[in-house]
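[1] okay, sequence plus prediction incoming.
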Amino acid sequence: MSSISIVVQAVSEATLTIRHLYYFVGALVLYKVIHQLFLYPYLLSPLRSVPGPPIGEPIFGQSIKIFRYETGIVQREWIKKYGPVVRVVGPVGMERLMFMTPEALHHMLVKEWLDCPRPQYLRNILGLVAGYGLLTVTGNEHRQMRKVMNPAFSIPNLMAQTDMYYEPIEGKVVPSRVLSSQRYVFTSLIQVLSSQLPGPEGAVLPVYEWMSKATLDIICETAFGYHTDSLHNPHNELAEAYEKLLSLQSGPNMARLVLFVSLPGGAKFLSSNLAYKIRGMFSYIRFFAPLTPLIDSTHCIRDISKQILDQKMKETSESGVSVDDTHTKKDIMSILVRARQADLNKDRTAYAMSDAAMMDQVLTFLGAGHETTASGLTWTLWLLANDKTNQQRLRDEVRPIMAADPRPDYKTLKNMQWLDCVVMESLRVMPPVPLTVRTTAKTDYIEGVLVPKGTLLHISIRNVNTWQTIWGEDAEEFHPERWLNLPKAYNSTFSLLSFIAGPHGCIGKTMAIVEMKAVLAALITNFEFEPAYDGQQARPSAAITMKPADGMPLRIRRVT
Ligand code: HEM
């Protein structure tokens, strides 16, 4: 055989082999697709007998329906129809389970919390917008970080922030017993709002916008001792960056982001300097266009966070590390920086957060503590605007107290009973974080259901909070008086999940509740709230937090 014919035969054999390889890979991909979309969810999944809605669309499952409805409402229908354990199939055949009972929630959030972590895609997204802090770390790393941070959020520390009252406010020293930031913000908030209400008719104002500015100023002051003053300065860099970031929150944008961060290296890339440099390129690809403002705003927030931390480090090195020093700053970051230094001075090998991890905490506090509280306040004002009787009852309670001391301290705020009922009821009916997710790190039984490893656990906070089995027939309605006589079935840990529970429960819970009470007491003392127009409906929209899609216009009048 000539050498040419040998080469020809070898090439044709190789072509045959490559063609076979293509067929094989094609068949494999086809099988995988059929398996994932049809065989597994319909015939093979161990969860297929768990009650739940039909599988839905072949590629998207029930996700289009979920996106189309107001957050939590479709799930509410399913829970009513199928009971306390519901199986839902999402995109590309991915299954998720919803559990409602305190026993199941205890299993996921407390007993087996290490084996029910937040899924990687969620941690990636949270890491991008809220830093790689408590919200994203898991397991032992989380345990250590939380241990270091818990003392900064203790009740004595929250009460001790009272010292900050004596700081200069707008060039004057105003003696006060309330957190200086809150005092400052309330003065500002009340003045700023008043200045926009010319006559007895008042005016319609976008309430969410003002609550967002106020809570940004408060969190910056109480968490970092950083003065943003976004209430007076509409072009505050941090406020603008958050405004841009928050305007991107929508179901479809969330889906885009999930897709991007699920690509290998996607999450890391988005927070890199390279992504910042080439961010403009995303605007040419329609699907990924929202990534440009996202990268822009997160970069700006990171920059400011770094400045805040640098300032803290400088202050600590100048003032020494005495944690007991009454003249030292009481904001949370200062406490953390000093505690870290003190621990390291005692034992160089002790666990200590790195500078990068500290900076991520700044991002976490901003991300977790600003918009949540703004939404909580906005929904409370909406509920009160639609319930004149309970609004007046609240005013009757807070007005005399505020008249005696317009700066009620921690204990006074805690002891206002009707204020407490209103805040708790609002957080129950309209939780600022309406849902969260976990995943199973191992195959496990939860409430008698064998849940395979990797299953998504959908924790429907809004629906747990309004579950008729616990809260009764009127569970979805706003009735603050129910907190004076809680239902027999009420479980103090698992019937109100607005701050979740267990080791991953919200570290800022007490701080947020006190803050909401303080802002509300000041607002209700000074203003009356009512819907902006007849037939106004709430329009909650949610990606991570549930906020009003229309910015919540309300008519506000000065109380005479
Ligand atoms: C009304 C206001 C707030 C609400 C409704 C709220 C709600 C929540 C919820 C539901 C979680 C759990 C999320 C999950 O597990 O997937 C959480 C976690 C967290 N929250 Fe809040 N939060 C509020 C205010 C705050 C404030 C003011 C801060 C801090 C200054 C804060 C800091 C955090 C942190 C650091 C975590 C992560 C905790 C961990 O995993 O160990 N939150 N919050």
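    Nice, thanks for sending it over. Numbering: from 1, shown residues only.
[2] okay, now the residue of the stretch 51-200 of the chain found nearest the ligand: neighbour count?
    Nearest residue of the stretch 51-200 of the chain to the ligand (CB to the nearest ligand atom) works out as Leu134 at 4.0 Å. All C-beta spots, glycine's among them, are computed from the backbone N, C-alpha and C. Leu134: 23 surrounding residues under other CB atoms under 10 Å.
[3] give the contact list for it.
    142, 145-146, 149, 361, 364, 507 (CB atoms under 8 Å, 6 or more residues apart in numbering).
[4] surely it forms part of a strand?
    No. Counting by DSSP: H, G, I helix; E, B strand; the rest coil, Leu134 is not found in a strand; it is coil.
[5] surely His227 forms part of a helix?
    No. Going by three-state DSSP, the assignment for His227 is coil, not a helix.
[6] okay, now the residue of the stretch 251-400 of the chain found nearest the ligand: neighbour count?
    Residue nearest to the ligand within the stretch 251-400 of the chain: Gly369 (3.0 Å; CB to the nearest ligand atom). Number of residues near Gly369 (other CB under 10 Å) recorded here: 25.
[7] if you skip the residues just before and after it, what's nearest to it?
    Leaving aside its sequence neighbours, Gly369 sits nearest to Ile219 (CB to CB, 6 or more residues apart in numbering; 4.5 Å).
[8] re the thing from before, let me see the confidence value for the residue of the stretch 51-200 of the chain closest to the ligand.
    Leu134 carries a pLDDT score of 91 in this model.
[9] next one: phi and psi at it?
    Main-chain torsions, Leu134, degrees, to the nearest 10: phi -60, psi -30.
[10] quick revisit: and the ligand, which of the contacts of Leu134 reach it?
    146, 364, 507 (CB under 6 Å from any ligand atom).
[11] among the residues you listed, which are in helices?
    If you go by DSSP state H, the ones next to the ligand among the contacts of Leu134 have 146, 364 in helices.
[12] all the strands of the stretch 151-300 of the chain, residue numbers only.
    168-169, 172-173, 203-206 (DSSP state E, counting those that start in this stretch).
[13] which of these has the lowest average pLDDT?
    Across the strands of the stretch 151-300 of the chain, strand 168-169 has the smallest mean pLDDT, namely a mean of 22.
[14] re earlier: contacts only, for the residue nearest to Gly369.
    365-366, 369-370, 373.
[15] what about it, distance to the ligand?
    6 Å (CB to the nearest ligand atom, to the nearest Å).
[16] quick one: pLDDT of that residue?
    With respect to pLDDT, Ile219 has a value of 86.
[17] one more: the one 5 residues further on?
    Phe224 carries a pLDDT score of 82 in this model.
[18] so it versus the ligand, what's the distance?
    Where the ligand is concerned, Phe224 sits at a distance of 10 Å (CB to the nearest ligand atom).
[19] residue contacts, that residue?
    Going by CB under 8 Å, 6+ apart, Phe224 touches 308, 312, 331-334, 362, 365.
[20] can you count the residues close to Trp263?
    Let me fix one detail, which is that residue 263 is Leu and not Trp. Leu263 has 9 neighbours, counted by other CB under 10 Å.
[21] I misspoke; the intended subject was Met416.
    Counted with other CB under 10 Å, the burial measure for Met416 works out to 20 neighbours.
[22] find the nearest non-adjacent residue to it, please.
    Of all residues not flanking Met416 in the chain, Glu397 sits nearest, at 5.9 Å (CB to CB, 6+ apart).
[23] show me which residues of the stretch 401-550 of the chain sit near the ligand.
    Within reach of the ligand by CB under 6 Å from any ligand atom, the stretch 401-550 of the chain has these residues: 432-433, 436, 498-500, 504, 506-508, 511-512.
[24] excluding chain neighbours, give the residue nearest to the closest residue to the ligand within the chain in space.
    Nearest residue of the chain to the ligand (CB to the nearest ligand atom) works out as Gly508 at 2.2 Å. Excluding the flanking residues, the one nearest Gly508 by CB to CB, 6+ apart is Gly369, at 5.1 Å.
[25] same deal with Gln249?
    By the measure of CB to CB, 6+ apart, the closest residue to Gln249 outside its immediate chain neighbours is Ala543, 4.0 Å from it.
[26] Asn233 too?
    Leaving aside its chain neighbours, Asn233 sits nearest to Ala239 (7.7 Å; criterion: CB to CB, 6+ apart).
[27] so for the one you found, what's the pLDDT?
    We have a pLDDT of 83 for Ala239.
[28] distance-wise, check it relative to Asn491.
    Separation of Ala239 from Asn491 (CB to CB, to the nearest Å) stands at 39 Å.
[29] show me which of those two is the more surrounded one.
    A direct count of neighbours by other CB under 10 Å for Ala239 and Asn491 places Ala239 higher, at 21 against 16.
[30] which stretches of the stretch 301-450 of the chain have low pLDDT?
    Within the stretch 301-450 of the chain, the stretches with pLDDT under 70 are 318-328.
[31] what ranges does it have for its helices?
    For the stretch 301-450 of the chain, the helices defined by DSSP state H, counting those that start in this stretch occupy 332-346, 355-369, 371-385, 388-404, 410-415, 417-429.
[32] give me whichever of those is most buried.
    helix 371-385 (a mean of 26; mean count of other CB atoms under 10 Å).
[33] tell me which other helices or strands that one touches.
    Applying 3 or more CB pairs under 8 Å, 6 or more residues apart in numbering; DSSP states H and E, we find helix 371-385 packed against helix 207-219, helix 388-404, helix 417-429, helix 509-526, strand 527-531, strand 546-548, strand 553-558.
[34] want to throw those into JSON lines with distance to Pro452?
    Putting the helices and strands packed on helix 371-385 into JSON lines (distance: least, CB to CB, whole Å) gives the following:
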{"stretch": "helix 207-219", "distance to Pro452": "40"}
{"stretch": "helix 388-404", "distance to Pro452": "46"}
{"stretch": "helix 417-429", "distance to Pro452": "33"}
{"stretch": "helix 509-526", "distance to Pro452": "33"}
{"stretch": "strand 527-531", "distance to Pro452": "48"}
{"stretch": "strand 546-548", "distance to Pro452": "30"}
{"stretch": "strand 553-558", "distance to Pro452": "47"}
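[35] which of these sits closest to Leu37?
    Set against Leu37 and scored by CB to CB, those come closest in strand 546-548, at 31.1 Å.
[36] which elements pack onto that closest one?
    helix 371-385, strand 540-542.
[37] that one pairs with which strands, parallel or anti?
    Using DSSP bridges, strand 546-548 pairs in its sheet with strand 540-542 (antiparallel).
[38] buried ones in the partner strand?
    The neighbour-count check on strand 540-542 (16 or more other CB atoms under 10 Å) flags 540, 542 as buried.
[39] contacts for that strand next, please.
    Residues outside strand 540-542 that contact it (CB under 8 Å, 6+ apart) are 70-71, 249-251, 379, 430, 434-435, 546-549.
[40] I'd say Thr215 and Met516 touch.
    No. In this structure, Thr215 is not within contact of Met516 by CB atoms under 8 Å, at 9.0 Å.
[41] find residues that contact each of the two.
    By CB under 8 Å, 6+ apart, the residues touching both Thr215 and Met516 are 373, 377.
[42] after the one helix or strand Leu28 maps to comes which helix or strand?
    Secondary structure from DSSP states H and E places Leu28 in helix 3-34. Going down the chain from helix 3-34, the next helix or strand is helix 63-68, by DSSP H and E.
[43] how about that following helix as PDB, C-alpha atoms only?
    C-alpha atoms of helix 63-68 as PDB (Å, rounded to 0.1, in the frame of the first residue of the first chain):
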ATOM      1  CA  SER A  63     -40.900  30.200  37.800                       C
ATOM      2  CA  ILE A  64     -42.700  32.400  35.300                       C
ATOM      3  CA  LYS A  65     -45.900  32.200  37.400                       C
ATOM      4  CA  ILE A  66     -43.800  33.000  40.500                       C
ATOM      5  CA  PHE A  67     -42.200  36.000  38.900                       C
ATOM      6  CA  ARG A  68     -45.500  37.300  37.500                       C
END
